[in-house]
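Asker: Quick one: sequence and predicted model below, then my questions.
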Amino acid sequence: MVVAVRIVAVARRLSCSLVSRDLPSIGCVSLDALDEGREAVFDVYFRRSRLECLGVQVGQNQTGLEKTMKQNKESFGIQKYKSKKYVIWNNKGGVGKTTLTYLLSTEYAKQRKDCNIIVIDMCPQTNISEMLLGGNGKGEENLEKLYEGDKHIAAYIKARYDKSRFSKIGSESNYFIKVLKYNQNLEENIYLLPGHNDLDLCVQLINYLASAPEKRAWWHSRAILIDLIASFEDANSNKENIFFIDCNPSFTPYTELAILASNRLIVPCTADAASIRGLRNILRLIYGKGEEDDNPFFVFSTSCDREGFDMPKIHSVIQNKSRSHEKKPSSAFMANIAELEKVVSAYHVNYPDLFLSDKKDVLNIKDGNTIATVLNHTGIPLSDLIPLDQKGKKYPIYGGDTQVTRDQQETLIRDLSQVLSIL
């Protein structure tokens, strides 16, 4: 008999003969009374004899299992934290996903130096990778150096296809790099899993794995990024690990990997009808919520339900590139803002279980086009753009000088702090 429970980072301590990779998840243990009061969860499958050796009786109720696991957490080596994994996505381009990912990750790294901040680039345009690695020019050069050593997400997907299609290859944590080695402007606790434009080619590999004549082939094909993250967590279990996953707007198989590897969804929008349509598509594509004639859009959510995947909770909806700070924003802008707030409020009422919080507010972050250009070019954190003794600073960009003022910086920091405070 085989029983499934959820604990953290135990599989590597067990004999391989006691672990099965092809079993459905049939139960979980929630460890909610650890030292820091955080939850730690990890799927591991045990044979009945192993459970009994650990003092867990098969058929024991969840309360009993929780008690037993709490008593044994020291001998198990269980992590103290359940990692927060934020995916930043909207099914619409141009909403500032990458800039928002950069701002959140770099500023949060300064606030939470006790944590590891890990950025995962699941966009074939690789913009977030270049920004973190030093900005335009320098960042691109550093990224090419990493490519020479196959340090990127597409290389890992190819390695899984070539070497170990339905299990880890054993070197997962080596695909993450410490950003400070390449960009001294950033904090030492920032890590990056670089992106690559071959992600689009990897779609065929992911789909091939999903259609293979193996047990739970689709599950394994969509758990690739979950495996990568779990390996990083195992190798860095002494600290809390917080992940930010940047995606492109398309809903591709590699976007599915990002969604399923996360447990929190941040949805950036702009004040236009296309952003609202993108938000509606999220409800249909990820959560399977919509009208009856939307059934073709529910294939992914149906497959996830069948395979036992958990969907991320919606953490926040952010009105990005906002002009609400302007003294007289246009009536069209305000009308779109009102519609976005109406849609989000209705989703809270109709689908409250999809949200991490019952707060219905749409957060506003100022349009920072000038600052975004400088960030993209320099790879410097927002809060470090201007020396404390200056009111502004000019940055040479593409042969011209671009001025960043203290007012621009402080306004964007003030808006960003609303999001940082609830991460």
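Answerer: Great, that's in hand.

Asker: pLDDT on the strand or helix carrying Arg277, on average?
Answerer: Assigned by DSSP states H and E, Arg277 falls within helix 273-285. For helix 273-285, the mean pLDDT works out to 91.

Asker: Identify the residues contacting Lys391.
Answerer: Lys391 sits next to 405-406 when contact means Cβ atoms under 8 Å, 6 or more residues apart in numbering. Using the backbone N, CA and C atoms, a C-beta is placed for each residue, glycine as well.

Asker: Could I get the full set of helices for the stretch 301-423 of the chain?
Answerer: For the stretch 301-423 of the chain, applying DSSP state H, counting those that start in this stretch gives helices covering 331-350, 369-378, 406-420.

Asker: CA atoms only for the shortest one - export them in CSV, please.
Answerer: Provided in CSV are the C-alpha atoms of helix 369-378 (Å, rounded to 0.1, in the frame of the first residue of the first chain):
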residue,chain,number,x,y,z
ASN,A,369,8.4,55.7,-18.5
THR,A,370,11.6,57.8,-18.1
ILE,A,371,12.7,55.9,-15.0
ALA,A,372,11.9,52.6,-16.7
THR,A,373,14.2,53.5,-19.5
VAL,A,374,17.0,54.3,-17.1
LEU,A,375,16.4,51.1,-15.1
ASN,A,376,16.5,49.0,-18.3
HIS,A,377,19.7,50.6,-19.4
THR,A,378,21.7,50.6,-16.2
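
Asker: Select, out of the helices of the stretch 301-423 of the chain, the one closest to Ser83.
Answerer: Nearest to Ser83, of all the helices of the stretch 301-423 of the chain, is helix 406-420, at 17.4 Å by Cβ to Cβ.

Asker: What angle do helix 369-378 and that closest one make with each other?
Answerer: Orientation of helix 406-420 against helix 369-378 (axes from the mean of the first three to the mean of the last three Cα atoms, to 10 degrees) gives an angle of 80 degrees.

Asker: buried set for helix 406-420?
Answerer: Buried positions in helix 406-420, judged by neighbour count with 16 or more other Cβ atoms under 10 Å: 408-409, 411-413, 415-416, 419.

Asker: Mean confidence (pLDDT) on it, please.
Answerer: Helix 406-420 comes out at a mean pLDDT of 94.

Asker: do stretch 208-222 as well
Answerer: Per-region confidence: stretch 208-222 scores 94 on mean pLDDT.

Asker: Can you give me the first-to-last residue distance of that stretch?
Answerer: Length of stretch 208-222, first residue to last, Cα to Cα, to the nearest Å: 11 Å.

Asker: Tell me the gap between that stretch and the middle of its chain.
Answerer: Offset of stretch 208-222 from its chain centre (Cα atoms, centre = their mean, to the nearest Å): 23 Å.

Asker: can you list contacts of it?
Answerer: Stretch 208-222 is contacted from outside by 21-22, 24, 160-161, 165-166, 206-207, 253, 256-257, 260, 303-304, 307-309, using Cβ under 8 Å, 6+ apart.

Asker: which among those end up buried?
Answerer: 160-161, 165-166, 206, 253, 256-257, 260, 304, 307, 309.

Asker: can you tell me which of those are in helices?
Answerer: 160-161, 206, 253, 256-257, 260, 304, 307 (DSSP state H).

Asker: ok so, going back, now the helices of the stretch 301-423 of the chain in CSV, with distance to Glu187?
Answerer: Shown next, in CSV, are those (distance: least, Cβ to Cβ, whole Å):
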stretch, distance to Glu187
helix 331-350, 33
helix 369-378, 15
helix 406-420, 14
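
Asker: Nearest to Ile229, out of these?
Answerer: Nearest to Ile229 among the helices of the stretch 301-423 of the chain is helix 406-420; the distance by Cβ to Cβ comes to 21.8 Å.

Asker: Lowest-scoring secondary structure element of this structure by mean pLDDT?
Answerer: Least confident helix or strand of the chain, by mean pLDDT, DSSP states H and E, is helix 48-53 with a mean of 34.

Asker: Would you map the helices across the stretch 151-300 of the chain?
Answerer: 153-163, 199-210, 217-222, 224-235, 253-261, 273-285, 299-307.

Asker: would TSV of the ones you listed with distance to Asn127 be doable?
Answerer: Output for those, formatted as TSV (distance: least, Cβ to Cβ, whole Å):
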stretch	distance to Asn127
helix 153-163	14
helix 199-210	13
helix 217-222	25
helix 224-235	19
helix 253-261	15
helix 273-285	19
helix 299-307	25
